[in-house]
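J.: What would the 3D arrangement of this be:
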Amino acid sequence: MGYRVSWIARTGTSMDELLRASRRKRTGECHEFPDVGFYLLELPKGDLEAWVVLIADGSDYFMDLDESLAQSLSEGGNETMYFVCSDTVMVTDLKCFRDGEIVWSIEYDCEDETKRPAITGDAPAIVNEVLKGLRSQQENDADTDYIYDLTAEVGCRLVGFRHDTDFETDDPALFQVLAG
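T.: Residues are numbered from 1 along each chain as shown. Okay, here's the model as predicted:
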């Protein structure tokens, strides 16, 4: 069991642009948290530029979002993040694209020692900060694989969304349900 989810997050875009690119449409229904299916989330702006997040949740959907869509969405300079994980096989990936090119990535595969984790490109400093904290936890509890959380936690710190935690907001229906 576990999560099987993917998401694409993009700055400097409207929800409609992301919907067009993904060939999805709003159903008019909203949920407090994403369940199985497709969702759209616009994160509160705060001090930073807002991220729009397209989420595919569940084993029947998570592979429908792929890095090629994220890569094409990054054309024109908009930073675009792509996240995918399958807790079943403990494989996860976070990639950052800009201008159609990959800027950096983090891959984790519990079966492949070279990807525990594999960090490539010009990753932000937050990656090493989070990894250091997770390694510290790992030293104190060798029976739990804390490093597996690296991609999800970095994604959360950069974008503001994590698939496996409750989203704290005053809006009880923040996640827009999508149809394809």
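J.: so what secondary structure elements neighbour the helix or strand containing residue 158?
T.: If you go by DSSP states H and E, residue 158 is part of helix 150-159. Judged by 3 or more CB pairs under 8 Å, 6 or more residues apart in numbering; DSSP states H and E, helix 150-159 is in contact with strand 4-11, strand 80-86, strand 91-98, strand 101-109, helix 125-140. The way it works is simple: take the backbone N, C-alpha and C, and place the C-beta from them, glycine included.
J.: Can you lay out these as JSON lines showing mean neighbour count and mean pLDDT?
T.: Listed next are the helices and strands packed on helix 150-159 as JSON lines, based on neighbours: other CB atoms under 10 Å; pLDDT from 0 to 100:
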{"stretch": "strand 4-11", "mean neighbour count": "24", "mean pLDDT": "92"}
{"stretch": "strand 80-86", "mean neighbour count": "24", "mean pLDDT": "95"}
{"stretch": "strand 91-98", "mean neighbour count": "22", "mean pLDDT": "96"}
{"stretch": "strand 101-109", "mean neighbour count": "18", "mean pLDDT": "96"}
{"stretch": "helix 125-140", "mean neighbour count": "13", "mean pLDDT": "94"}
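J.: Take the ones you listed and lay them out in JSON lines including distance to residue 29.
T.: Converted to JSON lines, these look like this (distance: least, CB to CB, whole Å):
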{"stretch": "strand 4-11", "distance to residue 29": "19"}
{"stretch": "strand 80-86", "distance to residue 29": "24"}
{"stretch": "strand 91-98", "distance to residue 29": "29"}
{"stretch": "strand 101-109", "distance to residue 29": "33"}
{"stretch": "helix 125-140", "distance to residue 29": "34"}
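J.: quick one on the thing from earlier: chain center to the helix holding residue 158: distance?
T.: With CA atoms, centre = their mean, to the nearest Å as the basis, helix 150-159 stands 7 Å off its chain's centre.
J.: Just list whatever residues bridge to the residue positioned nearest the centre of the chain.
T.: Using CA atoms, centre = their mean, the residue of the chain that lies closest to the mean C-alpha position is residue 83, 3.6 Å off. Applying DSSP bridges to residue 83 gives these bridge partners: residue 7, residue 94.
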